[in-house]
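Peer 1: quick one: sequence and predicted model below, then my questions.
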Amino acid sequence: MTAARRYAVYLAPPADGALWRFGSAVLGYDAETGDAPVAPDIAGFDAEAWHAATAEPRRYGFHGTLKAPFRLADGASEDDLAQLMALSAAGHHAFEMPPLEVRAIGSFVALVPAVPSPKLEDVARSAVLELDGLRAPLSESEIARRKPERLSARQLGYLEAYGYPYVLDEFRFHMTLTGPLPEAERVQALNALTSAFAASGADVPATVTDMALYVEEPGAPQFRLVRRFPMRAAQ
């Protein structure tokens with residue numbers, strides 16, 4: 001079987017904003033330009049160690065997941081996906097994201113909203129439900145990678161229905177900054193990233209103005225941000 005492109009629907013902050021610059025620099029990869037910006041100084045890590053610590057999220061580029069990576073169903077085209085994304089994005093007004101803060105989520109470190117955001121949750125719900133008809137079913141290996149034996153019954157149901165266990169009422173928005181880390185390194189990264197985030201100027205609320213389409217070409221090392229679909233003007 002020929003390898004197929006994978007697509008992901010993500011929230012990507014404006015490329016000219018401090019949040020995008022911060023996240024891209026932390027990961028050492030700008031998914032929109034393909035550049036490799038220099039990471040900020042992360043106390044306790046040299047450049048090589050930090051590059052290793054961010055290897056996993058670097059593959060996907062800086063983002064917040066709306067609809068997790070998927071392949072297109074037989075008979076569906078990228079044009080079909082673009083048309084549905086344009087309609088989905090146009091169904092929402094631009095809005096201000098709550099302030100973000102650096103937190104540990106399990107074994108990795110991420111930016112998460114300091115307070116709930118119903119508008120953000122609504123955008124994610126729409127992306128999951130409105131685009132799922134174009135998604136190919138998961139393969140057995142893709143299901144196995146989600147470790148279904150560790151999922152709750154509800155999460156397993158969502159994995160089977162939507163190709164991802166953390167959707168709808170299980171959705172928790174986050175923007176990943178590191179891969180899995182041992183506890184001591186995780187604590188060090190958490191403290192260092194908290195300081196770097198505050199110093200970056202990216203800790204002010206960002207405005208969400210679009211939904212972003214990321215594409216992973218077969219054999220490519222990373223996803224690329226290929227197109228943004230605008231929301232309506234803020235109310």
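Peer 2: All right, it came through fine. Residues are numbered from 1 along each chain as shown.
Peer 1: for the protein, longest helix please?
Peer 2: In terms of residue count, the longest helix belonging to the chain (DSSP state H) is helix 183-200.
Peer 1: which outside residues touch the next helix or strand after that one?
Peer 2: The helix or strand immediately downstream of helix 183-200 is strand 207-208, counting by DSSP states H and E. Strand 207-208 is contacted from outside by 11, 13-14, 94-97, 119-120, 123, 231, 234, using C-beta atoms under 8 Å, 6 or more residues apart in numbering. The way it works is simple: take the backbone N, C-alpha and C, and place the C-beta from them, glycine included.
Peer 1: any weak-confidence spans in this structure?
Peer 2: 1-2 (pLDDT under 70).
Peer 1: ends of stretch 139-150, how far apart?
Peer 2: Terminal residues of stretch 139-150 lie 18 Å apart, using C-alpha to C-alpha, to the nearest Å.
Peer 1: what lies in contact with that stretch?
Peer 2: 156, 159, 163-165.
Peer 1: quick check: which element contains residue 214?
Peer 2: Since the elements are taken from DSSP H and E, residue 214 ends up inside strand 210-216.
Peer 1: give me the helices and strands touching the helix or strand following that strand, please.
Peer 2: Downstream of strand 210-216, the first helix or strand assigned by DSSP H and E is strand 224-230. The elements that strand 224-230 packs onto, with contact taken as 3 or more C-beta pairs under 8 Å, 6 or more residues apart in numbering; DSSP states H and E, are helix 78-90, strand 210-216.
Peer 1: just want the angle from the longest one to strand 224-230.
Peer 2: What separates the directions of helix 78-90 and strand 224-230 is an angle of 50 degrees, with axes from the mean of the first three to the mean of the last three C-alpha atoms, to 10 degrees.
Peer 1: who are the packing partners of helix 78-90?
Peer 2: Using 3+ C-beta pairs under 8 Å, 6+ apart, the elements in contact with helix 78-90 are strand 6-11, helix 118-131, strand 210-216, strand 224-230.
Peer 1: could I get these as TSV with mean neighbour count and distance to residue 49?
Peer 2: Converted to TSV, these look like this (neighbours: other C-beta atoms under 10 Å; distance: least, C-beta to C-beta, whole Å):
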stretch	mean neighbour count	distance to residue 49
strand 6-11	22	27
helix 118-131	18	33
strand 210-216	22	26
strand 224-230	17	26
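Peer 1: ok now stretch 153-167, how far from the chain's centre?
Peer 2: 17 Å (C-alpha atoms, centre = their mean, to the nearest Å).
Peer 1: redo the helices and strands packed on helix 78-90 as JSON lines? Include distance to residue 28.
Peer 2: Shown next, in JSON lines, are the helices and strands packed on helix 78-90 (distance: least, C-beta to C-beta, whole Å):
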{"stretch": "strand 6-11", "distance to residue 28": "18"}
{"stretch": "helix 118-131", "distance to residue 28": "26"}
{"stretch": "strand 210-216", "distance to residue 28": "17"}
{"stretch": "strand 224-230", "distance to residue 28": "15"}
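Peer 1: who's the closest residue to residue 186 other than its chain neighbours bridged to?
Peer 2: Counting by C-beta to C-beta, 6 or more residues apart in numbering, the nearest residue to residue 186 once its immediate chain neighbours are dropped is residue 104, at 5.7 Å. As for beta bridges, residue 104 partners with residue 109 under DSSP bridges.
Peer 1: cheers, nothing more for now.
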